[in-house]
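below are the sequence and a predicted model; questions follow.
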Amino acid sequence: MTQEQTSEIKNIIDRALEQNPENKEIIKAFAPIIIRQRQLAEKPSEQKLDCLAIDKQKLKAGVPVSRQINLILPGDPLKEIALSLAEAVKEGMPQLTENIDLIAGLIKDDKIKPADYFKSTPDGESMATDVWAKDLKVSPSNASFLMSLVSRVILEQRANEITAAIGAFDWEKGYCPICGEFPSIALIEEEGGKRFLHCSSCGQDWRFTRVKCPYCEKDSKEGMDYFYVEGRTQESAFICDDCKKYLVTLYRVGHVLPRDMDVSAITLVHLAMICLLYTSDAADELLCVDLGGLRLIKKKQHQ
Ligand SMILES: [Zn+2]
Ligand SMILES: [Zn+2]
């Protein structure tokens, strides 16, 4: 990552802090992690994927790259990346220092092998953190957190490599074409009204129709609930009537300063929290709520 890119992401984070003082703790906690991840992902990977094995017909049919080829390769420098990110986690979240130091020490001594985390069982679950928790007495949630941060760095490198190698392709699903995860946030452009979904697991963005729920593909024309913070209608959250899943959405109006979708996803965490509240069983009658001084309003979408 060039110095210029590092200072751009720092500027974006500084602006997010200014504009969202109510979320300053969480933004500050994640800032060193996001910056470190970008720096690590910027270095080209020494392992090369077999991009010729990626079938565009399968992509068109909704099979993401992760179900066609392995995205984590045996020679990936997972240990180095994990140790580097452990430092960034401690910087942003000093309350985790003791736990993270324990995990980092075991990684250094090869008692924890990050590669084990990426070996999944037939049903796709990693068992490694359970084993580490039992045998090595580490916090399984902190170990999973650190490994998910490592995963993002590798997958971002791979997403860049794949999109450069295979060029344009058709993709019509609400989950990520690279890694298969659902989006963390969406962006709608004022001009043309296109909707883009963003995957925080690998950093990929892709276009998706505005009339469907990305999760269940229900046609959303009949209306969806949405929420916004009073006075901030460019940031909202949609909840699907059918599957009750939600998606935080940004509107980009005209020419705005550069945004970063991962920073935005963290900056708008209050919307995600309110969606969790509204999708809980007890919340049917709520119409507006105060959260940390922000007034959130529920609307029916009219199309
Ligand atoms: Zn992805
Ligand atoms: Zn849905």
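Cool, got the structure. Numbering: from 1, shown residues only. Ligands and ions are numbered 1, 2, ... in the order given.

could you break this protein into its assigned domains?
Following automatic domain parsing, one gets these domains for the chain: 3-166, 185-300.

which of those sits closest to ligand 2?
Closest of the domains of the chain to ligand 2 is domain 185-300, at 3.0 Å (criterion: CB to the ion). Any C-beta I mention is one placed from the backbone N, CA and C, and that applies to glycine too.

pull the distance from the closest one to the chain's centre.
14 Å (CA atoms, centre = their mean, to the nearest Å).

low-scoring stretches of the protein, by residue?
Along the chain, segments meeting pLDDT under 70 span 1, 124, 220-224, 254-258, 280-303.

quick check, Ser144 in contact with Asp130.
No. Counting by CB atoms under 8 Å, Ser144 does not reach Asp130; the two are 9.8 Å apart.

higher neighbour count, those two?
Between Ser144 and Asp130, counted using other CB atoms under 10 Å, Ser144 has the larger neighbour count: 17 against 13.

what about that one, which helix or strand?
helix 140-166 (DSSP states H and E).

give me the buried positions along that helix.
142-147, 149-163 (16 or more other CB atoms under 10 Å).

near ligand 1, which residues of the chain?
Cys176, Ile178, Cys179, Glu181, Cys199, Ser201, Cys202, Gln204 (CB under 5 Å from the ion).

name the nearest residue to the spatially most central residue of the chain, ignoring sequence neighbours.
The centre of the chain sits closest to Ser200, judged by CA atoms, centre = their mean, with a distance of 1.9 Å. Among residues not flanking Ser200 along the chain, Ser184 sits closest, at 3.8 Å (CB to CB, 6 or more residues apart in numbering).

list the buried residues for the helix or strand encompassing Phe196?
Per DSSP H and E, Phe196 falls inside strand 195-198. Neighbour counts using 16+ other CB under 10 Å place Arg195, Phe196, Leu197, His198 of strand 195-198 among the buried residues.

so the residue nearest to the centre of the chain makes contact with Asp262?
Yes. Between Ser200 and Asp262 there is a contact under CB under 8 Å: 5.8 Å.

what sits in contact with each of the two?
Residues touching both Ser200 and Asp262 (CB atoms under 8 Å, 6 or more residues apart in numbering) are Ser184.

picking up where we left off before, dump the domains of the chain to JSON lines, plus distance to Glu172.
Putting those into JSON lines (distance: least, CB to CB, whole Å) gives the following:
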{"stretch": "domain 3-166", "distance to Glu172": "7"}
{"stretch": "domain 185-300", "distance to Glu172": "8"}
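
list the residues that contact Ile81.
Counting by CB under 8 Å, 6+ apart, Ile81 makes contact with Leu40, Pro114, Val150, Val153, Ile154.

farthest pair in those?
Farthest-apart pair in the contacts of Ile81 is Leu40 and Pro114; separation 13.3 Å (CB to CB).

so which helix or strand takes in Val63?
Secondary structure (DSSP H and E) places Val63 outside all helices and strands.

quick check: nearest residue in space to it, chain neighbours excluded?
Of all residues not flanking Val63 in the chain, Asp55 sits nearest, at 7.8 Å (CB to CB, 6+ apart).

burial check on the one you found, number of neighbours?
Asp55: 15 surrounding residues under other CB under 10 Å.
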